Every structure is written in structure tokens, then in C-alpha cells.
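*Asks:* pasted the sequence and its predicted model underneath.
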Amino acid sequence: YIMSLQSAINFITKVDTDMNFRKSCYSSKTLDELLGSLKNQGFGFTANEIADAFNVLELQCQTYEQAGRVHELKAWFSLFR
């Protein structure tokens, strides 16, 4: 579980910092398709684990700006549901 949680956090960080990677995620039409594609790229986690990862990142935020960024990414990811 810890490895999957870290994988989800790594994915969130990559989506935040790599615009080309984020754009590549748009080729997936559903959450299952996205999770399958990500698993092939070394990001193995479930929908529940990414929800936990967003919660962990929110708890680590020290400024409103950081929290806002995490919320933006969470909203972006929820579009795949």
C-alpha cells in the first residue's frame, strides 16, 4: 500500500510539473483507461489510493497557495471519473 501511495504522489507531482505528461493523460477517456495506461508507465495505484495521496498532500501544505494547487489537481483528476 505504501508503494502504491507513493506512486500516486509521484504521479500527482509529475502531472503538476510536466505539461506534456498531463496532456498525454487526456488520451484516456475513462478513469479505468487512465489507470491502466499509468500502470504501464510505472504508476501503479487504485482510485482509492490516489484519493488518499491527495489527502496526504493536502495535509502537507503549509500555505493557501499550495493547498489551492493540490485542490486544482484533485479537480482535474476527478474529470476522469
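*Replies:* Thanks, I have it. Note that this is a predicted model, so its numbers are computed, not measured.
*Asks:* in what element of secondary structure is the residue nearest the centre of the chain found?
*Replies:* For the chain, Ile12 is the residue whose C-alpha lies nearest the centre (Cα atoms, centre = their mean; 3.6 Å). Secondary structure from DSSP states H and E places Ile12 in helix 2-17.
*Asks:* residues in contact with the residue nearest to the centre of the chain?
*Replies:* 50, 53-54, 57, 70, 73, 77 (Cβ atoms under 8 Å, 6 or more residues apart in numbering). For glycine as for every other residue, the C-beta is placed from the backbone atoms N, C-alpha and C.
*Asks:* just to revisit the earlier point, contacts for the helix or strand following the helix holding Ile12?
*Replies:* Under the assignment DSSP H and E, the closest C-terminal helix or strand after helix 2-17 is helix 19-25. With contacts defined as Cβ under 8 Å, 6+ apart, helix 19-25 is touched by 14-15, 34, 37-38, 76, 80.
*Asks:* doesn't Val70 make contact with Cys61?
*Replies:* Yes - using Cβ atoms under 8 Å, Cys61 is in contact with Val70, at 6.1 Å.
*Asks:* comparing those two, which residue is more hemmed in?
*Replies:* Using other Cβ atoms under 10 Å, the more surrounded residue of Cys61 and Val70 is Val70, with 21 against 14.
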